[in-house]
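Enquirer: after the sequence you'll find the predicted model.
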Amino acid sequence: MIRTLIASAFQTGYLSVESEGLLLQVLATRCYQSDDLKALTNLYEAIRIGTVKREACSNNSRELPVLNKCH
């Protein structure tokens with residue numbers, strides 16, 4: 001699911017409020033694969049450099065949450 005949401009953000013150039021919320025919910029479960037983390041890192045970098053824009057109005061960037069991979 002994480003990679004699908006991120007792929008959509010790269011396709012449209014925007015991370016929607018809904019997608020951002022879903023990403024945060026999935027991350028809160030702390031159960032994802034290493035490929036998900038790579039995709040998330042790529043998304044954060046794209047947001048940082050402006051390739052992908054956040055739909056959410058916020059001046060502060062969210063930090064990457066502490067990520068623990070499930071077995």
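Expert: Right, received. Where do you want to start?
Enquirer: can you pull the buried residues of the helix or strand containing Arg48?
Expert: Per DSSP states H and E, Arg48 falls inside helix 34-49. By neighbour count with 16 or more other Cβ atoms under 10 Å, helix 34-49 contains the buried residues Asp36, Ala39, Leu40, Leu43, Tyr44, Ala46, Ile47. Every C-beta, even on glycine, is put in place using the N, C-alpha and C of the backbone.
Enquirer: so which residues of the chain form helices?
Expert: Taking DSSP state H as the criterion, the chain carries its helices at 2-12, 17-28, 34-49.
Enquirer: average model confidence for the last one?
Expert: When pLDDT is averaged over helix 34-49, the result is 94.
Enquirer: and if you look at the first one?
Expert: For helix 2-12, mean pLDDT is 95.
Enquirer: what is it packed up against?
Expert: Helices and strands touching helix 2-12, as assessed by 3 or more Cβ pairs under 8 Å, 6 or more residues apart in numbering; DSSP states H and E, comprise helix 17-28, helix 34-49.
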